[in-house]
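From the sequence below, what's the structure:
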Amino acid sequence: MKSGFIAVTGKANAGKSTLVNSLVGEKVSIVSHKPQTTRDRIFGILNGEGYQAVFIDTPGLHRAKNALSQYMMKEAEGAPEGADAVLYLLACDKQPDKYDEERIKAFAAAKTPFILVVNKCDVVDEALIPQRIAAFKDVKGIDAVIPVSARTGKNLDMLKEEILKFLPQGQPYFDEDAYTDRSLRYMAAEIIREKALYNLSDEVPYGVGVNINKYEVKENGVTEIDADVVCEKKAHKPMIIGKGGAMLKKIGTDARFELERLTGGKVFLTLWVRVKPDWRDDPAVMRRLGYDPGQK
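From the prediction side, this is the model:
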């Protein structure tokens, strides 16, 4: 039996969460086209014949501007510590910058096995892919460079095979039917936030958090969820609610549909909108929303 942890890192919007979801075959992390969608370190668990690979999905590497983004960077930077292998995702549709080059060289110089994953190969001309790979051909310490499309699944089998080379012998860390370390309560909050990201304008989502006030499974099998959608500015509240409550209803309907697929039963979802000014710099509110700025 082989088992181990693989840290998945890279800049915001490189496709880390999409890759983990595709490798695991289940929705582990929420995704959207907006950067910094992932805020926590989340485990995605892939069980196969004779192995268990635990992928550590992380927030995108970025410059921290508030307490929440400092928390996210701490989550991202801490993931490779103790991992059995590291994947760095490079978006093929963007020219690698100095930050990418510095991070890749740093990971390559470390002792941990390191795979450079060139993602989003389905959205560029195929002639560009060898150019992206060639840019790092002289960097010593890269164990493999694999072009993939996390969205379409291209070359993911090749990536799995490469990852399995670096998993040590050992017993599984999780039950064989587990696909994440997160609770349904946590997943409910993330799904609601995902639907807010999809439906709201660009100026609102970065200041949106979700607090689950109640998560209860009744005797009849119905799951009752009561949640607050928290925003930073008074001006954002009417935008989230929408005319006649239409936007909040849309977010709730989209979330309920996915929650019913997740739980396998009927979900009764109630959403409220609360204003917590500058909550991303308020440790008390951050903790209530599940982001502990003091945790190590």
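
which stretches of the stretch 151-296 of the chain aren't confidently modelled?
Within the stretch 151-296 of the chain, the stretches with pLDDT under 70 are 203, 205, 294-296.

Strands of that one, start to end?
For the stretch 151-296 of the chain, applying DSSP state E, counting those that start in this stretch gives strands covering 209-217, 223-231, 267-275.

Output those as a markdown table; include the columns mean neighbour count and distance to N47.
Bear in mind the C-beta positions are built from the backbone N, C-alpha and C, glycine included. Converted to a markdown table, the strands of the stretch 151-296 of the chain look like this (neighbours: other CB atoms under 10 Å; distance: least, CB to CB, whole Å):
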| stretch | mean neighbour count | distance to N47 |
| --- | --- | --- |
| strand 209-217 | 16 | 26 |
| strand 223-231 | 21 | 26 |
| strand 267-275 | 16 | 27 |
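
Format those strands as JSON lines; extra columns: distance to K94.
As requested, those are arranged in JSON lines below (distance: least, CB to CB, whole Å):
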{"stretch": "strand 209-217", "distance to K94": "28"}
{"stretch": "strand 223-231", "distance to K94": "30"}
{"stretch": "strand 267-275", "distance to K94": "35"}
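
out of the ones you listed, nearest to V28?
Among these, the nearest to V28 by CB to CB is strand 209-217 (17.3 Å).

Which elements pack onto the closest one?
Packing partners of strand 209-217 (3 or more CB pairs under 8 Å, 6 or more residues apart in numbering; DSSP states H and E): helix 184-199, strand 223-231.

W279 versus the nearest residue to Y215 once chain neighbours are set aside, what's the distance?
Using CB to CB, 6 or more residues apart in numbering and skipping the chain neighbours, the partner closest in space to Y215 is R185 (4.4 Å). As judged by CB to CB, to the nearest Å, R185 and W279 stand 20 Å apart.

ok, those two, which is more surrounded?
The residue with more neighbours, out of R185 and W279, is W279; 24 against 13, by other CB atoms under 10 Å.

Kindly check the end-to-end length of stretch 174-181 for me.
Separation of the first and last residues of stretch 174-181 by CA to CA, to the nearest Å is 8 Å.

Next: stretch 147-162.
Stretch 147-162: ends 12 Å apart by CA to CA.

State the helix or strand in which L90 lies.
strand 85-91 (DSSP states H and E).

Pull the distance from that strand to the chain's centre.
Centroid separation between strand 85-91 and its chain, computed with CA atoms, centre = their mean, to the nearest Å, is 14 Å.

what about dumping the CA coordinates of that strand to CSV?
Coordinates of each C-alpha in strand 85-91 appear next as CSV, following Å, rounded to 0.1, in the frame of the first residue of the first chain:
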residue,chain,number,x,y,z
ALA,A,85,5.4,15.8,-3.3
VAL,A,86,4.6,19.2,-4.6
LEU,A,87,2.7,20.2,-7.7
TYR,A,88,3.1,23.8,-9.0
LEU,A,89,0.4,24.8,-11.5
LEU,A,90,1.3,27.2,-14.3
ALA,A,91,-1.5,28.5,-16.4
